[in-house]
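Asks: turn this into a model:
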Amino acid sequence: MILIWAGILCCLVGLIMLIYGRVALRSNIWRLKAHPENPEFAILIPARFESSVIENLFLSLRTQTVKVEAKNVYVIVETLADPTVKLAKKYGHKVIVREETKGRERKGYALDEAIKQILECRRYDLYFIFDADNILAPDYLERMLESYVAGFEIVTGYRSIKNSQPNAIATSSVLMFSLLNSLSNHTRTKCRANVVFSGTGCFVDGRLIDKWQGWPFHSLTEDYELSLYATWKQLATFYNERAVFYDEQPVTMSQSFLQRVRWIRGYFDARKIYLPKMREKLQKVHKNHVKSEKNDLQAENCTNVLIQQYSENGYLGSIKRELIGVTSLIWLVFGVFLLIFGFCGRMFYVQGWWINFMWIMGVLLMVYLVLMCLTIVLLKKEEKFDLPKVTRIKAVFYNPIFLLTFIPCALKAILAKDVEWTKINHGEEK
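Replies: Numbering: from 1, shown residues only. Model (predicted):
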C-alpha cells in the first residue's frame with residue numbers, strides 16, 4: 001500500500017510541475033531588436049568527410065527563393081585531403097580547414113574555429129548553421145529571414161525526415177523531434193517564450209557572434225547549451241514552423257542508442273553549468289524589484305533605473321520553466337512504476353502467479369497502447385512527413401518500443417563514466 005500512495009504522490013508532484021511550468025511561460029514578453037531588411041548572411045557547414053551527402057545541400061541552396069552568394073557559404077573540414085573540399089570548390093564555396101582537432105572533434109569546436117577565421121576578414125548580419133546531410137525547402141531561407149527582420153536573435157526551423165527509404169527506426173527518430181516541437185516549442189512560441197534548439201537548421205544574430213568572437217558552446221549537446229544560454233541571457237528566440245529543412249535520421253538501433261545516450265548526458269552536463277546561473281539571475285531580479293518598491297518614495301531616480309532593469313527581463317517565465325526541465329516527466333514516470341509495483345505486490349498476496357503475470361502484462365500493454373495512440377496523433381498531425389503507408393503502419397507499432405528504450409539510454413548516460421562524441425555515418429540513400 002505504501003508503494004501505491006508513493007506512486008500517487010509522485011504523479012501529483014509531476015503534474016503540479018507541468019502546470020507550474022505552463023503557467024510560468026505565460027509571463028513572457030517578446031523583446032525584439034531592430035534588424036536590417038536585406039541582411040548579409042553567412043552559411044556555416046561543419047563537414048568532416050561528408051562528400052556522400054553534402055552535394056544535395058549545395059543544390060538546395062541554389063534553388064532557394066532568396067539568392068545565396070556562393071562565396072558566403074563556408075564548408076568546415078579537417079584536412080584538404082577530404083573529398084568534400086573538391087565538391088565545395090566545384091560550387092564556388094569557401095573551405096575552412098581546421099587547425100586544432102585533437103580532443104576537439106565536436107561540432108562546437110569546428111564552428112568556433114571557423115567563426116574566428118571569418119571575423120578576421122569580415123562580419124555578417126547573421127549566420128546560418130547546417131549539418132552536411134541537411135536539405136532545405138526552396139523557401140526555407142525566405143521564411144527564416146522573415147523571422148530575422150521581425151527582430152528575433154536566434155531562430156530554428158521545422159525539421160522533417162530526409163531518408164529516401166526510412167525504416168521504423170528512422171521514422172521513430174523524426175517523430176521524437178516532432179514530439180519535441182509539438183509539445184514544447186509550439187507551446188513556447190505561443191507563449192512568447194524561449195525555445196529549445198535541437199541540431200542545426202537555425203540562424204544566430206551576427207551581433208551575438210561579434211560579442212562572442214567565436215562559438216562558445218562546446219559540450220556534447222551544443223544545441224541545448226545554446227538554448228540554455230539564450231534563456232539565461234534573455235535572448236529573443238523563435239520556432240518557425242514554416243521554414244522546413246530535411247535531416248537524415250539513424251537507420252540502425254545501435255546508432256540511435258549511442259546518439260540518444262550522448263544527448264541525455266549532454267543535457268545534464270549543460271544544465272549543471274547554466275542552472276546555477278539562472279537561479280542567480282532570478283534572485284538578482286527579485287532583489288532589485290523588492291528594492292525598487294522600498295525606495296519608491298525616497299529615491300525616484302534610482303527607482304526608475306531599477307524598474308527599467310526589471311522590465312527588460314521579458315523571459316523570466318522561460319527561466320522558471322527551464323529550471324524544471326524534464327524533472328516533471330521523471331516524477332510522472334517514477335510514479336507510474338511505483339503504482340505498477342505497488343498493485344503487483346498486493347496482487348501477489350491474493351492471486352496465483354499466473355494471474356499476477358497476466359496483470360503485469362496487461363499494465364505493460366496499456367502503456368504500449370497509450371504510446372501507440374500518441375504515435376498515431378503525431379503521424380496524423382505532421383503532414384510534412386511524406387512517408388509511405390507501409391512505413392507509417394510499422395512506425396505505429398514500433399515507435400512505442402522506441403520511446404521506452406529511452407529508459408536504458410538514460411541509465412547508461414547517467415551511470416557511464418565517460419560519454420564521448422561519436423560520428424554518425426551519413427549517406428544511406430547512396
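
Asks: use CA for all of it now, contacts and neighbours both
Replies: Will do.

Asks: ends of stretch 47-60, how far apart?
Replies: Stretch 47-60 has an end-to-end distance of 16 Å (CA to CA, to the nearest Å).

Asks: how about stretch 58-66?
Replies: With CA to CA as the measure, stretch 58-66 spans 14 Å from end to end.

Asks: state the mean pLDDT of it.
Replies: Stretch 58-66 shows an average pLDDT of 96 in the prediction.

Asks: check stretch 412-427 too.
Replies: When pLDDT is averaged over stretch 412-427, the result is 74.

Asks: what does stretch 16-34 give?
Replies: Rounded mean pLDDT across stretch 16-34 is 89.

Asks: kindly report the same for stretch 140-154.
Replies: Mean pLDDT, stretch 140-154: 96.

Asks: cool, and stretch 125-137?
Replies: For stretch 125-137, the per-residue pLDDT averages 95.

Asks: all strands of this protein, in order?
Replies: If DSSP state E is used as the criterion, the strands of the chain fall at 41-46, 73-77, 94-97, 126-129, 135-136, 154-161, 202-205, 237-247.

Asks: check which helices and strands the first one is in contact with.
Replies: Think strand 41-46. Contact here means 3 or more CA pairs under 8 Å, 6 or more residues apart in numbering; DSSP states H and E; on that basis strand 41-46 packs against strand 73-77, helix 107-119, strand 126-129.

Asks: and the gap between the residue nearest to residue 109 when sequence neighbours are not counted and residue 211?
Replies: Excluding its sequence neighbours, the residue lying closest to residue 109 (CA to CA, 6 or more residues apart in numbering) is residue 218, at 6.0 Å. The gap separating residue 218 from residue 211 is 17 Å, by CA to CA.

Asks: neighbour-wise, which of these two wins?
Replies: A side-by-side neighbour count of residue 218 and residue 211, using other CA atoms under 10 Å, places residue 218 first with 20 against 9.

Asks: what's near enough to touch that one?
Replies: 106-109 (CA atoms under 8 Å, 6 or more residues apart in numbering).

Asks: which residues touch stretch 246-256?
Replies: Outside stretch 246-256, the residues that touch it by CA under 8 Å, 6+ apart are 133-137, 159-163, 166-167, 169-171, 173-174, 424, 426.

Asks: likewise stretch 72-91?
Replies: 41-51, 54-55, 58, 70, 93-99, 101, 110-111, 114.

Asks: which among those end up buried?
Replies: Buried by 16 or more other CA atoms under 10 Å: 41-51, 54-55, 58, 70, 93-98, 110-111, 114, out of the contacts of stretch 72-91.

Asks: about what we covered before: and the residue nearest to residue 109, how far from residue 199?
Replies: Note on residue 218: its distance to residue 199, by CA to CA, is 13 Å.

Asks: and for those two, which residues touch both?
Replies: The contact sets of residue 218 and residue 199 do not overlap (CA under 8 Å, 6+ apart).

Asks: quick one on the thing from earlier: the residue nearest to residue 109 and residue 103: what is the separation?
Replies: To residue 103, residue 218 is 11 Å away according to CA to CA.

Asks: just residue 51 next, same as before
Replies: 23 Å.

Asks: go on, residue 8?
Replies: Per CA to CA, residue 8 is found 47 Å from residue 103.

Asks: higher neighbour count, the two?
Replies: A count of neighbours by other CA under 10 Å puts residue 8 above the other of residue 8 and residue 103, at 17 against 7.

Asks: which ones are touching that one?
Replies: Contact partners of residue 8, counting by CA under 8 Å, 6+ apart, are 335, 339.

Asks: could you do residue 266 as well?
Replies: Going by CA under 8 Å, 6+ apart, residue 266 touches 219-221.

Asks: same question, residue 328
Replies: 13-15, 17-18.

Asks: cool, and residue 185?
Replies: Taking CA under 8 Å, 6+ apart as the test, what residue 185 contacts is 195-196, 239.

Asks: and for residue 193?
Replies: 25-26, 28-30, 237, 315, 317-318.

Asks: so where's the longest helix in this protein?
Replies: When the chain is parsed with DSSP state H, its longest helix is helix 253-294.

Asks: so what's the gap between that helix and the chain middle?
Replies: Offset of helix 253-294 from its chain centre (CA atoms, centre = their mean, to the nearest Å): 14 Å.

Asks: show me the helices in the stretch 301-430 of the chain, by range?
Replies: Using DSSP state H, counting those that start in this stretch, the helices of the stretch 301-430 of the chain run over 316-324, 327-350, 353-381, 389-404, 406-415.

Asks: which of these sits most buried?
Replies: For the helices of the stretch 301-430 of the chain, average neighbour numbers computed from mean count of other CA atoms under 10 Å are highest in helix 316-324, which has a mean of 22.

Asks: can I get that helix in CSV, CA atoms only?
Replies: Extracted C-alpha coordinates of helix 316-324, given in CSV (Å, rounded to 0.1, in the frame of the first residue of the first chain):
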residue,chain,number,x,y,z
LEU,A,316,11.8,35.2,-16.7
GLY,A,317,9.0,32.7,-17.2
SER,A,318,11.3,30.7,-19.5
ILE,A,319,13.9,30.6,-16.8
LYS,A,320,11.4,29.3,-14.3
ARG,A,321,10.2,26.7,-16.8
GLU,A,322,13.8,25.7,-17.7
LEU,A,323,14.7,25.1,-14.1
ILE,A,324,12.1,22.3,-14.1
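
Asks: helices and strands around that helix, which ones?
Replies: Packing partners of helix 316-324 (3+ CA pairs under 8 Å, 6+ apart): helix 2-25, helix 222-232, helix 253-294.

Asks: any idea which of these scores lowest on pLDDT?
Replies: Note on these: lowest mean pLDDT is at helix 253-294, with a mean of 86.

Asks: that one vs helix 222-232, what angle?
Replies: On the basis of axes from the mean of the first three to the mean of the last three CA atoms, to 10 degrees, helix 253-294 is oriented at 10 degrees to helix 222-232.
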